[in-house]
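Q: Need a 3D model of the following:
(chains A and B)
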Amino acid sequence: MKISRIGLSAAALLSASALVLTGCASGDGGAPAPGTSDTPGASTSTGIVTANSNEPQNPLYPANTNEVGGGKILDMVFAGLYYYDADGKAIPEVAKSVESDDATNYTVKLNDGWTFTNGEKVTASSFVDAWQYGALLSNAQLSSYFFETIDGFSYDKDSKLALNVVDDLTFTVKLSAPEADWPLRLGYSAFMPLPTEALVDGKATTAFGENPIGNGPYMLASADAWQHNVQIDLVPNPDYKGTRTVKNGGVTLKFYDNQDSAYADLQSDNLDVLDAIPASAFETFEQTLGDRAINQPSAVFQSFTIPEKLEHFGGEEGKLRRAALSMAINRPEITDVIFFKTRTPASDYTSPVIAGWSDSLAGSDVLKFNADEAKAKWAEAEKISPYTGTFTIGYNSDGGHQPWVDAVANSLKNTLGIKAEGQPYATFAELRTDVTDRKIKGAFRTGWQADYPSMFNFLGPLYATNAGSNDGDYSSPEFDALLKEGASAKSVDDATGFFQKAQEVLLQDLPAIPLWYSNVTGGFSTQVQNVKFGWNSVPLYYEITKD
Amino acid sequence: MLWFIGRRLLQMIPVFFGATFLIYFMVFALPGDPILALFGEKTPSPAVVEQLRAQYHLDQPFIVQYLLYLKSLVTFDLGNSFSGRPIADVMAKAFPVTLRLATLAVLFEAVAGITVGLISGLRKGKFFDSSALVVSLLLISIPTFVIGFVLQYVFAVQLGWTKATVGPQAGWSELVLPAIVLASVSFAYIIRLTRTSISENMGADYVRTASSKGLTRGRVVRVHVLRNSLIPVVTFIGADFGALMVGAIVTEGIFNIPGVGGTVFQAIKQGQGPTVVSFVAVFVIIFMVANLLVDLLYAVLDPRIRYAN
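A: Below you'll find the model as predicted:
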């Protein structure tokens, strides 16, 4: 998922990353709250909570939404097979069970009694039809790749997924390869069910995109609840059957182009919940808001990628140079001085809120600042072939990246005595085009935010040979094999071991240099209580109380 | 007179097409693929990209895209933005808001600016004049966004007199503070323009004549000085109305006003040619109509100017 890039200012710091994940956020004090998202004793309330968001970039079809503005709404309006609690644990919602003997053929059983807000029953077909629609090439849905591991999926021609309705409440899924943690992704909005009226002649209707009919804890307050570029009004859905019990009288998401104005609203109690502090207030917001501030290690993974084909960065020489660069960067200093501790230095390739994250992988020393070792490795590489030229890091200058890119470049310059500088692109589109067309000369910034809480999602799409977002064209048979073993492992715990080993390969090869994890920064007004942020940095709106 | 208006209206046609063509070309020439950016960091499959490109005619050469756009313009069906909304709807929502904002701003700068400028001009060198000069100098030198953030912080966050941002309706009363911010720089210019113009005319022969005819000072100022002094000011205000509508983006951002500024900015960033050009086309029309009105106002203010053949 990507974060909307509309922000005029500094929300943008987050922006390029894709999704912010966060673990257990507890509003009161920031200490990780263990266990479930269900706070015992939290009473219900009737006030309408206001929170910041962005105008959704696309009509509200589940499979066509890949940015946070639309994703927030879909997660509230729809209930899928699973949802994610504050810790990122997948909790069954509509699903009674999702089972498989071989990690390839899954049987999904649904709970009875769920309905959409138009009265229609939620059945196996509600899911199967929605997924078929989302995956079909000619529908060009932005999130269609979520279905790519289901047998029958094709990027080249229209074809049907291997989904089979057994009865009203049962359907089967056949994957093209074994995947033990496949059910983990089923809480993502692309997998939500659709009522029959959403699709007319196999096409999603415009009316549905404006006013989606779901089965989630909230529903749109009225047919014109979505006031474009202004706000959307959501009210509790009285027929909701799940465990995400709504504890407020509704949620109004106000759309901001500019995080500074959202912050001004928060300070004057004109906004209840803010999930992105503007960069201009990083230094002061914890003081200003006191215990109403939220700043906790979270999990957008930020890095810069060095293409495999870049001269001097392949083979043995490349390994040395990559390690030297990585050790020449003083990550804690940059996160303190530039980000005022709203970033956490990276110690692996995933994120602290993902089960399996580690700060003690073999070889993770390469992520620690060590000027002497860095110089030694660089000198060794110089013996193989001397480096002339300037090391560049490409970035989009519309995303607030310049300060840290300059700091990293300076770090490299000062430690290694090489020429290093940022290479700005005016827009995100321009950067991505050059990256996608492999025209970029030099390294470039990359960020990743998982769409669902799984280690695989941080590794597979980015570093597997020929993977969709493998922008540096990294390829390692060893890594691929470990990844495959992890994916087809019997249990998630087994899988974690393989994924950690796979990362140890990455730490040697350094296809991308890990930098830091973005924190989730936010705050809430004096009018609300029980504000917690979910694993994906989105507040758990249904838990918030306001009188 | 009618002939003059007709000719001016006819002149608008080539200007309109020229401007939209240029803007369309500029959006087209923006580097970067807007479709790729839709996917964020994820690299989409080429087939999906092709599909979307075809949907927005981005696979066509520039001139075909432009002609398709003109066709949609003539048929009053501007097509859809990337978010699936009809562009006509987007404009219908955004323009009234910015129009309200710009109208308030022009009212403020005209009334306040001319009043202060008049008093300054009449009391040249006195205390009021000097303070007005200092204030206007400050306003001109401080960027709008600083004025905006400061006023927002003081009046909304500290004093709580007003809300920090504008509510969903963006009604007249909510827009007063943003309008003052938006108008601040122009307000300063109008003070100076009016002051100079007034003090110059005060020493003119016809004013001396009027005074020696025995007219009261009030009548001399109202009927003779002010009327003549307003010609450059009116020109400025007319041109400024268009500039305020187009330039409201900073103010709109600070006060979260759902107007044209933010919409166009997003559309440019996303490379949405048809949306950008549709908005710009309306900007062009606004500028041209405002200029026409200014020219017509000259005749009212200065009978010497004739629009005869």
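Q: Let me know the secondary structure of A:Thr50.
A: Put simply, A:Thr50 is strand when judged by DSSP: H, G, I helix; E, B strand; the rest coil.
Q: Okay, now the unreliable bits of the stretch 151-300 of chain B?
A: Counting by pLDDT under 70, not a single residue of the stretch 151-300 of chain B qualifies.
Q: buried ones in the lengthiest helix in chain A?
A: Longest helix in chain A, counting residues (DSSP state H): helix A:492-509. For helix A:492-509, the neighbour count (16 or more other C-beta atoms under 10 Å in any protein chain shown) marks A:492, A:495-496, A:498-509 as buried. In this view, the C-beta of every residue, glycine as well, is placed from N, C-alpha and C.
Q: And for stretch A:290-307?
A: Counting neighbours by 16+ other C-beta under 10 Å, the buried set in stretch A:290-307 is A:292-307.
Q: Does chain B have contacts with that stretch?
A: No: counting by C-beta under 8 Å from any C-beta of the partner chain, chain B is not contacted by stretch A:290-307; separation bottoms out at 10.5 Å.
Q: Find the nearest non-adjacent residue to B:Phe279, please.
A: Excluding the flanking residues, the one nearest B:Phe279 by C-beta to C-beta, 6 or more residues apart in numbering or on different chains is B:Val264, at 4.9 Å.
Q: Check the offset of the host helix or strand of that neighbour from the chain's centre.
A: Per DSSP states H and E: B:Val264 is located in helix B:260-269. In this view, helix B:260-269 has its centroid 15 Å away from the chain centroid, taken as C-alpha atoms, centre = their mean, to the nearest Å.
Q: And for it, what's in contact with it?
A: Contact with helix B:260-269 is made by A:5-6, A:8, A:229, A:257, A:398, A:427-429, B:27, B:30, B:81, B:90-91, B:94-95, B:97-98, B:245-253, B:275-276, B:279-280, as judged by C-beta atoms under 8 Å, 6 or more residues apart in numbering or on different chains.
Q: if we go to 6 Å?
A: Outside helix B:260-269, the residues that touch it by C-beta atoms under 6 Å, 6 or more residues apart in numbering or on different chains are A:6, A:257, B:94, B:98, B:248-249, B:252, B:275-276, B:279.
Q: for these, which one is nearest A:Ile384?
A: Minimum distance to A:Ile384 across those is 46.0 Å, recorded for A:Ile6 (C-beta to C-beta).
Q: Take the contacts of helix B:260-269 and keep only those in strands.
A: Residues of the contacts of helix B:260-269 located in strands (DSSP state E): none.
Q: Neighbour count and distance to B:Thr43 for these - can I get that in a markdown table?
A: Formatted as a markdown table, the contacts of helix B:260-269 follow (neighbours: other C-beta atoms under 10 Å in any protein chain shown; distance: C-beta to C-beta, whole Å):
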| residue | neighbour count | distance to B:Thr43 |
| --- | --- | --- |
| A:Ile6 | 23 | 21 |
| A:Asp257 | 28 | 27 |
| B:Ala94 | 23 | 33 |
| B:Thr98 | 28 | 37 |
| B:Ala248 | 26 | 37 |
| B:Ile249 | 20 | 32 |
| B:Glu252 | 30 | 34 |
| B:Thr275 | 26 | 25 |
| B:Val276 | 25 | 26 |
| B:Phe279 | 23 | 31 |
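Q: can I get the residues you listed in a markdown table with distance to A:Phe146?
A: Converted to a markdown table, the contacts of helix B:260-269 look like this (distance: C-beta to C-beta, whole Å):
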| residue | distance to A:Phe146 |
| --- | --- |
| A:Ile6 | 23 |
| A:Asp257 | 29 |
| B:Ala94 | 33 |
| B:Thr98 | 39 |
| B:Ala248 | 40 |
| B:Ile249 | 36 |
| B:Glu252 | 36 |
| B:Thr275 | 28 |
| B:Val276 | 31 |
| B:Phe279 | 34 |
